[in-house]
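> Got a sequence here, can you model it:
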Amino acid sequence: MNSSLMLRRFCCFTTSTSSSSSSTLPISSNTTKKKQIVFLGSPQVSTTVLDALFNASTAPESSFQVAAIVTQPPSRRDRGKKLLPSPIAQFALDRNFPSDFIFTPERAGEEIFLSNLRELKPELCITAAYGNILPRKFLNIPPLGTVNIHPSLLPLYRGAAPVQRALQDGVKETGVSLAFTVRALDAGPIIAYERFKVDDQIKAPDLLAVLFSEGAKLLIRELPSILDGSAKGKASPQDDSKATLAPKIEPEESWLSFNQEATVLHNKVRAFAGWPGTRAKVVVVEKGDSSLKVLELKIITTRVCSQSNLERNEADDVTFLKGALIFPCGQGTTLEVLEVQLPGKKVMNAAAFWNGLRGQKLKVSSQV
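Okay, here's the model as predicted:
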């Protein structure tokens, strides 16, 4: 068989396992009557959901077990650019889950992968930030369907970046939805959802973690009805007329323009925290002369200043007050920048950065 068509597994990885972790073995002789579930996920936030499934499956009254895990292929990351398994794969291996049942196809529509999935005869598939489009051939395999945990109140924010786009829009409330997967993007019937109030300082990685944690609880609560088939009857169709989209974030979106209002910039900093981050250009006026130097900063933490009409020497001056860099913004608003990062340096607080200027003036730049 052509090796490029072979199902990718983690047989090549040698990993240590924790002695305190319980063994999680699929399809053993004493559990063949249990319904087989296949879990699909990739990033760290997905581990919350998989952990909840592992724990629930080992309960004496459990009617299911995790038969296989599907995740993104290994990628090169960290400083050494080593080829590493996805966070979900590593988590499963650390829980003694057999590497032969961790599948890593490039695409979920690969015929060899689908053939292996059919052999497992899963009753249900569950996805949580898997990161791959599921074709109809996949969706036709589990008789109970495929259920997805989506971190928004569907039909709002369908797409790849629901949490980031919601924070960018400055929403005061969001949530997590449990819905059946259909071919249309995040458009399947909703089984249940949980609402969540959004603090105006919370950043995307933290909100994402909260929503997937709540999503895991929601899944375990609703799983009995999904497994007995009654969830399909009670699931509510989405109102497509109210749908909004959450497109993938592009790296070039990370630049901040101080012509915009402070609230818009603050929301963007929160939304893009982690990746791709937010960047701004500032102008350093060399002390004692008029020479200028443009400096690129990563803006890490901000808040909107409650005093919109602070006195300024000039409209584009950046000042320092009570531990914050004070940036003048559009419509007479002001943004407090609390943490920044210079290229190749560690994150520093505003006071450390300001002291490093040694009296030089700082101005906002018109460049983006």
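
> Please report how far R221 lies from L178.
Between R221 and L178 the distance, using Cβ to Cβ, to the nearest Å, works out to 9 Å. (C-beta placed from N, C-alpha, C; glycine too.)

> what do the two both touch?
Counting by Cβ atoms under 8 Å, 6 or more residues apart in numbering, the contacts common to R221 and L178 are A192.

> More neighbours: which of the two?
Using other Cβ atoms under 10 Å as the criterion, R221 and L178 rank with L178 on top: 24 against 12.

> Who does that one form a beta bridge with?
On the basis of DSSP bridges, L178 is bridged to I149, A192.

> please renumber so the chain begins at 28
Yep, numbering from 28; the last one is L205 now.

> My guess is it contacts A243. True?
No. Using Cβ atoms under 8 Å, L205 is not in contact with A243, being 10.2 Å away.

> Overlap in contacts, these two.
Joint contacts of L205 and A243 (Cβ under 8 Å, 6+ apart) are I176.

> need the contact list for A116.
Per Cβ under 8 Å, 6+ apart, neighbours of A116: 37, 96, 98, 101, 129, 131.

> quick one: which two of those are the most distant?
I96 and P101 (13.8 Å; Cβ to Cβ).

> Give me the more crowded residue out of those two.
I96 (29 against 18).

> Would you mind finding the longest strand in the chain?
Ordering each strand of the chain by length in residues (DSSP state E) puts strand 319-331 first.

> Show me what the very next helix or strand once past that one is in contact with.
Per DSSP states H and E, the first helix or strand lying C-terminal to strand 319-331 is strand 344-348. For strand 344-348, contacts defined as Cβ under 8 Å, 6+ apart pick out 309, 337, 339, 352-355, 377-378, 381, 388-391.

> Give the other helices and strands that the one helix or strand in the chain whose mean pLDDT sits lowest contacts.
None of the helices or strands of the chain scores lower by mean pLDDT, DSSP states H and E than strand 102-104, at a mean of 85. With contacts defined as 3 or more Cβ pairs under 8 Å, 6 or more residues apart in numbering; DSSP states H and E, strand 102-104 has these neighbours: strand 109-111.

> Spell out which residues make up each domain of the protein.
Using automatic domain parsing, the domain parsing of the chain gives 30-269, 278-391.

> what about the last one, how long is it end to end?
Which is domain 278-391. 21 Å (Cα to Cα, to the nearest Å).

> ok now it, how far from the chain's centre?
Distance of domain 278-391 from the chain centroid (Cα atoms, centre = their mean, to the nearest Å) equals 26 Å.

> quick check: mean pLDDT across that domain?
In this model, domain 278-391 carries a mean pLDDT of 91.

> Tell me the spacing between the residue nearest to S102 when sequence neighbours are not counted and T131.
Using Cβ to Cβ, 6 or more residues apart in numbering and skipping the chain neighbours, the partner closest in space to S102 is L111 (6.7 Å). In this view, L111 and T131 are 12 Å apart by Cβ to Cβ.

> In stretch 243-259, which residues are buried?
243, 245-246, 249-250, 252-254, 258 (16 or more other Cβ atoms under 10 Å).

> list the contacts for Q228?
Q228 neighbours (Cβ under 8 Å, 6+ apart): 297, 330.

> May I have the strands that pair with the least confident helix or strand of the chain, each with its orientation?
Determined by DSSP bridges, the sheet partners of strand 102-104 are strand 109-111 (antiparallel).

> starting at the chain centroid, how far to the partner strand?
Computed by Cα atoms, centre = their mean, the chain-centroid distance of strand 109-111 equals 21 Å.

> Now tell me what touches that strand from outside.
101-105, 117.

> follow-up on the earlier one: which ones among the contacts of A116 map onto helices?
Secondary structure from DSSP state H places none of these in helices.

> Which parts of the stretch 78-227 of the chain are helices?
Here the stretch 78-227 of the chain has its helices, by DSSP state H, counting those that start in this stretch, at 114-121, 138-147, 163-166, 189-195.

> mind giving me a markdown table with those and columns for mean pLDDT and distance to E279?
Shown next, in a markdown table, are the helices of the stretch 78-227 of the chain (pLDDT from 0 to 100; distance: least, Cβ to Cβ, whole Å):
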| stretch | mean pLDDT | distance to E279 |
| --- | --- | --- |
| helix 114-121 | 98 | 27 |
| helix 138-147 | 97 | 34 |
| helix 163-166 | 98 | 33 |
| helix 189-195 | 98 | 15 |
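
> for the protein, longest helix please?
Under DSSP H, the chain gives helix 231-254 as its longest helix.

> chain center to that one: distance?
The chain centroid and the centroid of helix 231-254 are separated by 14 Å, computed with Cα atoms, centre = their mean.

> Name the residues that touch that helix?
By Cβ under 8 Å, 6+ apart, helix 231-254 touches 62, 72-73, 75-76, 78-80, 83, 90-91, 150-151, 153, 155-156, 171, 174, 176, 178, 190-191, 194, 201-203, 205, 218-221, 223, 225, 258, 261, 297-301.
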